[in-house]
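In: coords below, sequence missing:
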């Protein structure tokens, strides 16, 4: 088995980076906690009473807002990621195999905004999959009611960043628009399974860039680390918010802009109302959108409408295409892709 696989995921040190990035924030929040602890003493000091100050109510707002964000991240890691993995593994249990093409373009189309598009919106994580809907309809396992014809072009997450032709595509019979590249799904399964291995030979055509160990980069250990980090932040923010509310009770008689009733009201509304709506409702909505994107998205067209669909279109390709290099890295030659002989059957058997 090959040890390295090119993937599109956070680097192996991402949990360490997350900890380092949140340490300054933790330092600031500890400073806020110190202000809350010393505020009653300052209140009784006539010399410091009139000094500029940060309201404890404002500190409470900051704590509760951050609590909601980390609660959302916690629910995402515990619930959303688990649901996404089950949806991915559904292809292994129910999927049929047909042939299709992956279109991937790594050229810079965004100019100075490339970094924003690639790292903020993750645009380079996605390519396009093209396959024939009639092959899905002709498969014995297909139970789709209605007419399926032409080709579909849909945006898919790719773990192998190069164009591919006539590869295995997994489709769930009940959802003919649910096609996903089998190679990329297997890389995804390997990311959260200790026993699953990417088939030998897939890396021979992989790009030399962005190669990393699946176990190191995409292991379950990283998910658990983020879960524990989020849980730690939630506990810190919960007890800090309660402490700030108690401190507001001690000083509300002196500072007219502080109210313990309002503080406890905001605390309860956040815990019982805002957090469930944002953390649970937000993740549920996001999963429904993700599920629709995976199972039902795509643009239908006729044969030859989509570039690289095996219809004899001309595309630029480099000499190293066979070794997995992207066509945009080495230009200067063209190749006409013709429909592969012997691959015009309606389906191929799952192996």
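Out: Thanks, I have the structure now. Just so you know, these numbers come straight off a predicted model, no measurement behind them.
In: what about residue 147, is that helix, strand or coil?
Out: Judged by DSSP: H, G, I helix; E, B strand; the rest coil, the three-state class of residue 147 is coil.
In: Please list all residues in contact with it.
Out: residue 137 (Cβ atoms under 8 Å, 6 or more residues apart in numbering). To be clear about C-beta, it is placed using only N, CA and C from the backbone, and glycine gets the same treatment.
In: got it, and residue 90?
Out: Contacts of residue 90 (Cβ under 8 Å, 6+ apart): residue 172.
In: Tell me if it really is in a helix.
Out: Yes - under three-state DSSP, residue 90 falls within a helix.
In: With residue 100 as the reference, measure out to it.
Out: 19 Å (Cβ to Cβ, to the nearest Å).
In: so where do the strands sit in the stretch 1-150 of the chain?
Out: Using DSSP state E, counting those that start in this stretch, the strands of the stretch 1-150 of the chain run over 4-6, 96-103, 126-132.
In: And the strands in the stretch 151-300 of the chain?
Out: 151-157, 164-171, 180-181, 211-213, 299-301.
In: out of those, nearest to residue 20?
Out: Of all the strands of the stretch 151-300 of the chain, it is strand 211-213 that lies closest to residue 20, at 19.8 Å by Cβ to Cβ.
In: What mean pLDDT does the closest one get?
Out: Strand 211-213 comes out with an average pLDDT of 37.
In: same deal with stretch 66-84?
Out: For stretch 66-84, the per-residue pLDDT averages 94.
In: how about that stretch: buried residues?
Out: Buried residues in stretch 66-84, defined by neighbour count with 16 or more other Cβ atoms under 10 Å: 66-77, 80-81, 84.
In: What separation do you get for residue 231 and residue 91?
Out: 31 Å.
In: Please identify which of these two sits among more neighbours.
Out: Counted by other Cβ atoms under 10 Å, residue 231 and residue 91 do not tie: residue 91 has more neighbours, with 21 against 16.
In: List the residues that contact the more buried one.
Out: Per Cβ under 8 Å, 6+ apart, neighbours of residue 91: 170, 172, 178, 180, 185.
In: For those, pick the one with the most neighbours.
Out: Result: residue 178 is most packed of the contacts of residue 91 (other Cβ under 10 Å), 25 neighbours.
In: pretty sure that residue contacts residue 185?
Out: No - Residue 178 lies out of contact with residue 185 (Cβ atoms under 8 Å); the separation is 11.2 Å.
In: re earlier: which among the strands of the stretch 1-150 of the chain is found nearest to residue 52?
Out: Here strand 126-132 is closest among the strands of the stretch 1-150 of the chain (Cβ to Cβ), at 49.3 Å.
In: related to what we said a few turns ago, which one of the strands of the stretch 151-300 of the chain is the most hemmed in?
Out: strand 180-181 (a mean of 24; mean count of other Cβ atoms under 10 Å).
In: tell me what it is packed against?
Out: Contact partners of strand 180-181 among helices and strands, from 3 or more Cβ pairs under 8 Å, 6 or more residues apart in numbering; DSSP states H and E: strand 164-171.
In: Name every strand pairing with the strand it packs on and say which way it goes.
Out: strand 96-103 (antiparallel), strand 180-181 (antiparallel) (DSSP bridges).
In: Can I get those strands in JSON lines including mean pLDDT and distance to residue 274?
Out: Shown next, in JSON lines, are the strands paired with strand 164-171 (pLDDT from 0 to 100; distance: least, Cβ to Cβ, whole Å):
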{"stretch": "strand 96-103", "mean pLDDT": "92", "distance to residue 274": "42"}
{"stretch": "strand 180-181", "mean pLDDT": "94", "distance to residue 274": "36"}
